[in-house]
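Colleague: Here is the input, now give the coordinates:
(chains A, B, C and D)
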There are 2 protein chains.
Amino acid sequence: MRLAELSERSGVSTATIKYYLREGLLAPGRQVNATTADYDEEHLRRLRLVRALIQVGRLPVATVREVLGHVDDESLGRTIRMGAALWALPQIREPDAEDAYVRAARDEVDQLLDTLGWSNAKALVTISPAYRSLVVAVAAFRRLGHGWGAERMEPYARLMHEAAVLDLDFVETYPTEAERVEIAVLGTVLGEPMLLALRRLAQEEESARRYGFE
Amino acid sequence: MRLAELSERSGVSTATIKYYLREGLLAPGRQVNATTADYDEEHLRRLRLVRALIQVGRLPVATVREVLGHVDDESLGRTIRMGAALWALPQIREPDAEDAYVRAARDEVDQLLDTLGWSNAKALVTISPAYRSLVVAVAAFRRLGHGWGAERMEPYARLMHEAAVLDLDFVETYPTEAERVEIAVLGTVLGEPMLLALRRLAQEEESARRYGFE
DNA sequence: TCTCCTTGGGAAGTGACACTATCCAACCAT
DNA sequence: ATGGTTGGATAGTGTCACTTCCCAAGGAGA
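Modeller: Below you'll find the model as predicted:
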């Protein structure tokens, strides 16, 4: 199909598709002649994935390029490939300086991991972006002087572990490694707004149960 | 304290504080004379809250202004005040058009709410931003052709309901309404990156348990 | 008193980002 | 042959969160 048809079937303007092509988010089509390029179903699929990551997942274009690079990299082993793709996803920005709150938060999070028995996660402490994000979040709570420390996070951590088990069970239903990496990225990126929306809906439900609509 | 001291104690530059004052995120200090204004501990507290919402919670400045307006509005009743503050928080953008995927997703979500027995949430369906966010997320999954529909969300929804119960239990530990609204906003905004970081850590932990570090 | 530094305030500029409008030459249908 | 369409490149747009610059008014030391 030509660019115009790709645009029509995906709902993305031709100008934006051209922009994605330039940015390397989409492989160029097969060049038929100087003014015609041919795109196939795989291009359409990839374009929809890019759109979902950018619009629903709010990923910056540069991040999408990096993530897709890992997803496509067949030279990597299973764990490395998935880890690279997931670790490229955006997290909270690093703390500006190593202030007292951040150091204290790090200790709290370490203790939480011990309590939970997450020994594998502890081994990744120095490199995992998720660990650093958690430290930043705990430090932010502490800075505001509220009692929202790591000790209160333990039940939440157990809930999220249950979620992670569901995530991985689903990923395992896909046969090939490429599909698994892609679905893991999708599940993480699109699953996040879904989880947060479910949480807010659940808050509204529970709040109405306790206090009615007064 | 003067602007310079407020800046030093909060770690926010004077230029940025002046910007927040202009934007109405921070009440002006008590004007001592033409070149001096006096700020108190409450200003410092509010400034730290604004910073946390913007930097950790990634809220746009305009949204922070709106949310704080609701937090401060003593004329509203309990439920309305908290609802207004939480509903002002950013969600996924609205779908451009009412395409087939969105309509199908709406049906799926409605059915999910029935299955869960969330009758109160169903009553809010027409106005709750969380409901619309959920519909957008489901539609995005369906558009990509993966089997991630609402039926697979039920266990996640139950987990998030448990989280919501924890949230509300904690909010109830605060005595005044103003504090409760503020902690609800904080718990929602700062709790989201925390939950997501915990989920990713849990995924890493579970993945290492299943497959090791190969 | 006279200088010199600091202060609060406002206007304008910056840099990042995701597009989007405009051109242009090559093609294709009539 | 001719008028509209295509792909490709370049430059511009709008938004946003700051940040820089400038000014006049204080205040403090000589």
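Colleague: got a list of what the residue nearest to the spatial centre of chain A touches?
Modeller: Centrality entry for chain A: nearest residue to the mean C-alpha point is A:Val189, 3.4 Å, by CA atoms, centre = their mean. Applying CB atoms under 8 Å, 6 or more residues apart in numbering or on different chains to A:Val189 gives the contacts A:Ala52, A:Leu53, A:Val56, A:Gly57, A:Leu59, A:Leu89. C-beta here means a position set from N, CA and C on the backbone, and glycine is covered the same way.
Colleague: ok, 10 Å please
Modeller: By CB atoms under 10 Å, 6 or more residues apart in numbering or on different chains, A:Val189 lies in contact with A:49, A:52-54, A:56-59, A:63-64, A:67, A:86, A:89-90, B:140.
Colleague: wait, A:Thr14 sits on A:Ala4?
Modeller: Yes. With contact defined as CB atoms under 10 Å, A:Thr14 reaches A:Ala4; the gap is 6.3 Å.
Colleague: quick one on the thing from earlier: what's the residue nearest to the centre of chain A sitting at in phi/psi?
Modeller: phi -70, psi -50 (degrees, to the nearest 10).
Colleague: neighbour count winner among A:Thr14 and A:Ala4?
Modeller: A:Thr14 (13 against 10; other CB atoms under 10 Å in any protein chain shown).
Colleague: Excluding sequence neighbours, find me the nearest residue to that one.
Modeller: Nearest residue to A:Thr14 in three dimensions, chain neighbours excluded: A:Ser7, at 4.5 Å (CB to CB, 6 or more residues apart in numbering or on different chains).
Colleague: any idea how far the one you found lies from A:Leu134?
Modeller: Separation of A:Ser7 from A:Leu134 (CB to CB, to the nearest Å): 41 Å.
Colleague: Can you give the domain ranges for chain A?
Modeller: A:3-56, A:92-211 (automatic domain parsing).
Colleague: now the longest one, how far from the chain's geometric center?
Modeller: If I follow you right, that is domain A:92-211. 12 Å (CA atoms, centre = their mean, to the nearest Å).
Colleague: Next: the first one.
Modeller: Averaged C-alpha coordinates place domain A:3-56 at 23 Å from its chain's average position (CA atoms, centre = their mean).
Colleague: Could you do stretch A:201-212 as well?
Modeller: On CA atoms, centre = their mean, the centre of stretch A:201-212 falls 28 Å from the chain's centre.
Colleague: Name the residues of it that are buried.
Modeller: A:Leu201, A:Ala202, A:Gln203, A:Glu204, A:Glu205, A:Glu206, A:Ser207, A:Ala208 (16 or more other CB atoms under 10 Å in any protein chain shown).
Colleague: Give the rounded mean pLDDT of it.
Modeller: Averaged across stretch A:201-212, the pLDDT comes to 88.
Colleague: so does that stretch get close to chain B?
Modeller: Yes. Using CB under 10 Å from any CB of the partner chain, stretch A:201-212 reaches chain B at A:Leu201, A:Ala202, A:Gln203, A:Glu204, A:Glu205, A:Glu206, A:Ser207, A:Ala208, A:Arg209, A:Arg210, A:Tyr211, A:Gly212.
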